[in-house]
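Chemist: let's see this in three dimensions:
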Amino acid sequence: MRKNDTPSFISSPASGFQSKGRVLLLLAGLCWMSLGSVRAQGDFETEKQLYFFRLWGHLKYHHPASAMGLLNADSLFLHHLGKVDSAKNQRQANAVFRQLLKDVGVPASNKVEPQKDKPEGTFLLKNLDDGWRTKSKFLTSQNRKTLNQIFERRFTDEKHYYTYIRNNPFGGTMPHEPEYEVDPKENLPYPLRMLALAKFKAFVDYLYPYKHLMDENWDAVISQYIPQFAQCATRPEYERLLLSVNAHLDDTQAYSFFRQLHHREQLFKNRFYPPFDYQLVEKKMVVTALIDEALCKRSNIRRGDMIEALDSVTVGEWVGALNALLSVSNENGLWSRVGEWGDNLLFRSEDGGMRVQLTRGKEQLTTTLRLMDPTQAAKAKLIDAYFKKKLAVPARKNKGLEYAAKGIVHFKVDDTFRMIKDQSSEEDYRLMDSLFNRATKARGIIFDMRGEPDHSDFVFHYVYKKFGKQNHYFARYFQLNPYQVGSYRLLTQPEVYFPTEFTPDGASYPGKVVILVNGKTQTIGEWHTMSLQHLFPGSMTLGEQTAGADGDVKRIVLPGKYVVALSGNGIYYPNNAVTQRLGVRLDQEVHPTLKGILSKRDELLDKALELIGVEEEKVEPKKVVPKKKVTKKAQAKR
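Modeler: So this is what the prediction gives:
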């Protein structure tokens, strides 16, 4: 789903987005990026800042002095920002850039050899675009030459000061990025706001393997926000801007950014919460349980009601509007998350009331919904009681197999840790081998990947050891290439894809295997799903589009102590099919329905059972035991 498919009230008018009148009026509070309060900034002012950002990012990630920690990249930016601001024309801007490059200097090291993509496909190069420094008409030939000389003598070692994370080469929080923490009531000063945007830009330019999959050109996005960051007047406005830039990543790994905002309640106007629990399905909101029964009765809300619109705006329009504020890889990823009750993203009200259009059976109703104030002790008690019951951990299950139906084993990815003792790997392997031996006698196996894995070894070690074969290369994993930061190299080490400390049993399974996925299948869940698809080539993967956010998470801290996260490595199928944004390969789409939700049926699981074939249990007729005749002698004894 593209950002420019959403209403213009949540984007800059300069972007040309189309407006939806009703939504514009009702959600005007989300008009965060309107330039009405931002003085127009000339093209030159924006362009010189964009080139300053580009040049600074180039030095931060390529210059050996920066990469070895000898040159503080932040200080370099802050020292020259005022000089860039003072440049009145292109010539003066280039003079500032020339002095900056002179201060840093061309590295004394030898030129590095050009990187060769042999065999073809060894490197992921789709993000690379050096035209800004090799062909730009904005930069002088001397500045272009100096930038190229730095690139030719760039840092190529693994232990980069700004990218190397000890003991975790795959992901984590980027080192040496100061928090610049400021009291939440105070706005960040202009230099730190510009530094934040420059860091954000460079982080994506050099450390985001999927930049080329973003809906909008990243330089165009940054250009749009340069004048707004420059003229940002308040802390809530700064948070709004960060939130909107983050949404342009189009990566579900970045979805939760909004949860760290200090002024989240003010920005989303979501102080009041619904007095009921709900679920989004078929672009509608279904009331699944009542939290405050008295308030629901007063609001004429019942379990099973299908809410079509809030304040005359359809649920679909509300969710679509949020796409410009929340980063997701695909539309299903948004719908799978935006209905979280605790996030409360769909109920915007400043007075605790909303007009609601709903369907109850065949009846169409309009009612005034009274929302809850969770800061009130009585309401907080109701909320706490409801979610304690809803989220209560069931009594500990035994360590045996779970069956979805007779002869059909059901492995839930978020409920596998209970199967082991977690005392010694040898004992755990024996336990799992015993369970798999029993599972192979079943008519079908369901691997339910709808959730967060509670034990990453389940698929990677145990399932592979039993059913795997050697050379289990089920994916192509691209990691940041230190030889040229911004590109990614294919990892061919077997331990990335499968354990190497043992030889797999290679057991065959004659039954049917079904893999269940949905929008909550994300990152490691998607990775394990790809492995299962390779382990069981005849399996059927069914359900909904997954999160489309594969690859270990990388994070960077921006001024104000805001953390941006994104998918930090490239994951592809062996045939080079991309998983980012699209999700894992699906053989059959199955979606929950309103009817299924109301009847509390798991329709994806039902479909899996149908595909495997549920064996009807035979009910033996009861034998009729003839009554014994009671003799006169027996009757006399009574």
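
Chemist: tell me who's in contact with the closest residue to residue 452 other than its chain neighbours.
Modeler: In space, residue 452 comes closest to residue 414 once its chain neighbours are excluded; the distance is 5.8 Å by CB to CB, 6 or more residues apart in numbering. The way it works is simple: take the backbone N, C-alpha and C, and place the C-beta from them, glycine included. Residue 414 sits next to 451-454 when contact means CB atoms under 8 Å, 6 or more residues apart in numbering.

Chemist: how about the helices in the stretch 451-600 of the chain?
Modeler: Here the stretch 451-600 of the chain has its helices, by DSSP state H, counting those that start in this stretch, at 457, 464-467, 524-535, 594-598.

Chemist: closest to residue 507 out of those?
Modeler: helix 464-467 (5.3 Å; CB to CB).

Chemist: poorly predicted segments of this protein, please.
Modeler: Scanning the chain for pLDDT under 70 picks out the ranges 1-41, 396-397, 615-638.

Chemist: domain assignment for it?
Modeler: Using automatic domain parsing, the domain parsing of the chain gives 43-249, 267-390, 403-612.

Chemist: just send the contacts of residue 414 back as a markdown table, with neighbour count too.
Modeler: Listed next are the contacts of residue 414 as a markdown table, based on neighbours: other CB atoms under 10 Å:
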| residue | neighbour count |
| --- | --- |
| 451 | 16 |
| 452 | 13 |
| 453 | 22 |
| 454 | 13 |
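
Chemist: out of those residues, who's nearest residue 463?
Modeler: The closest of those, once distances to residue 463 are taken by CB to CB, is residue 453, at 11.7 Å.

Chemist: need the contact list for that closest one.
Modeler: Listed by CB under 8 Å, 6+ apart, the contact partners of residue 453 are 413-414, 416, 459, 524-525, 528.

Chemist: run through the strands of the stretch 351-500 of the chain in chain order.
Modeler: 353-360, 363-370, 403-405, 408-412, 444-448, 476-480, 488-491 (DSSP state E, counting those that start in this stretch).

Chemist: give me the sheet partners of the last one and which way each runs.
Modeler: When sheet partners are counted by DSSP bridges, strand 488-491 sits next to strand 123-124 (antiparallel), strand 476-480 (antiparallel).

Chemist: same deal with the shortest one?
Modeler: Each strand that pairs with strand 403-405, with its direction, by DSSP bridges: strand 408-412 (antiparallel).

Chemist: tell me how far the biggest helix by length in the chain lies from the chain's centre.
Modeler: Criterion DSSP state H: the longest helix present in the chain is helix 43-62. Here the centre of helix 43-62 is set off from its chain's centre by 28 Å, with CA atoms, centre = their mean, to the nearest Å.

Chemist: and the next helix or strand past that helix?
Modeler: Following helix 43-62 in sequence order, the next helix or strand is helix 64-67 (DSSP states H and E).

Chemist: run through who's touching the helix or strand following that following helix.
Modeler: Using DSSP H and E, the helix or strand that follows helix 64-67 in sequence is helix 73-86. Contact with helix 73-86 is made by 48-49, 52, 56, 59-60, 66, 92-93, 96, 99-100, 104, 162, 178, 191, 194-195, 198, as judged by CB under 8 Å, 6+ apart.

Chemist: isn't residue 402 right up against residue 410?
Modeler: Yes: if you go by CB atoms under 8 Å, residue 402 and residue 410 touch, sitting 5.0 Å apart.

Chemist: which one of these two has more residues nearby?
Modeler: When residue 402 is set against residue 410 and neighbours are counted by other CB atoms under 10 Å, the residue ahead is residue 410, at 21 against 16.

Chemist: next, count neighbours for residue 471.
Modeler: If we define neighbours as other CB under 10 Å, then residue 471 has 8 of them.

Chemist: what's the distance between the residue nearest to it when sequence neighbours are not counted and residue 478?
Modeler: Closest residue to residue 471 in three dimensions, ignoring its sequence neighbours and counting by CB to CB, 6+ apart: residue 494, at 7.5 Å. Distance, residue 494 to residue 478, using CB to CB, to the nearest Å: 16 Å.

Chemist: neighbour count for these two, which is higher?
Modeler: Ranked by neighbour count (other CB under 10 Å), residue 494 and residue 478 place residue 478 first, with 21 against 13.

Chemist: can you pull the contacts of that one?
Modeler: 123-124, 209, 488-491, 569-572.

Chemist: re earlier: wait, what's in contact with the residue nearest to residue 471?
Modeler: 471, 473, 500.

Chemist: return the closest of the contacts of residue 478 with respect to residue 358.
Modeler: Looking across those and measuring by CB to CB, the closest to residue 358 is residue 571, at 41.7 Å.

Chemist: give me every residue that touches that closest one.
Modeler: Counting by CB under 8 Å, 6+ apart, residue 571 touches 475-478, 526-527, 530, 550-551, 579-580.

Chemist: let's see 10 Å
Modeler: By CB atoms under 10 Å, 6 or more residues apart in numbering, the contact set of residue 571 is 209-210, 475-478, 523, 526-527, 530, 549-552, 578-580, 584.

Chemist: now it: closest residue in space that isn't a chain neighbour?
Modeler: Closest to residue 571 by CB to CB, 6+ apart is residue 550, at 3.9 Å.

Chemist: closest to residue 287 out of the strands of the stretch 351-500 of the chain?
Modeler: Once those are compared by CB to CB, strand 353-360 is nearest, at 8.2 Å.

Chemist: quick check: the closest residue to residue 190 other than its chain neighbours vs residue 81, distance?
Modeler: Spatial nearest neighbour of residue 190, chain neighbours left out: residue 230 (6.8 Å); criterion: CB to CB, 6+ apart. Residue 230 is 10 Å from residue 81, where distance means CB to CB.

Chemist: name the residues contacting each of these two.
Modeler: Residues touching both residue 230 and residue 81 by CB under 10 Å, 6+ apart: 49, 190, 194.

Chemist: ok so, going back, what is the burial count for the residue nearest to residue 571?
Modeler: Residues near residue 550, counting by other CB under 10 Å: 32.

Chemist: before we move on, what about residue 131?
Modeler: Neighbour tally, residue 131, other CB under 10 Å: 8.

Chemist: just residue 374 next, same as before
Modeler: 16.

Chemist: quick one, what contacts it?
Modeler: Applying CB under 10 Å, 6+ apart, the residues contacting residue 374 are 271-273, 342, 344, 380, 382-384.

Chemist: out of these, what pair is the most spread apart?
Modeler: 271 and 384 (17.9 Å).

Chemist: who has more neighbours out of those two?
Modeler: residue 271 (18 against 11).

Chemist: so that one belongs to a strand, correct?
Modeler: No: assignment of residue 271 by DSSP: H, G, I helix; E, B strand; the rest coil gives coil, placing it outside any strand.

Chemist: what sits against residue 309?
Modeler: 22, 284-285, 315-318, 354-358, 366.

Chemist: for the stretch 301-450 of the chain, what spans make up the helices?
Modeler: Taking DSSP H, counting those that start in this stretch as the criterion, the stretch 301-450 of the chain contains helices spanning 315-322, 331-335, 377-390, 425-439.

Chemist: so for residue 149, which of these sits nearest?
Modeler: Within the helices of the stretch 301-450 of the chain, the stretch nearest residue 149 is helix 331-335; the backing value is 43.3 Å (CB to CB).

Chemist: so what does that closest one touch, helix or strand wise?
Modeler: In this structure, helix 331-335 makes packing contacts with strand 276-281, helix 315-322, judged by 3 or more CB pairs under 10 Å, 6 or more residues apart in numbering; DSSP states H and E.

Chemist: can you lay out these as JSON lines showing mean neighbour count and distance to residue 447?
Modeler: What follows is the helices and strands packed on helix 331-335, written out as JSON lines (neighbours: other CB atoms under 10 Å; distance: least, CB to CB, whole Å):
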{"stretch": "strand 276-281", "mean neighbour count": "21", "distance to residue 447": "24"}
{"stretch": "helix 315-322", "mean neighbour count": "21", "distance to residue 447": "30"}
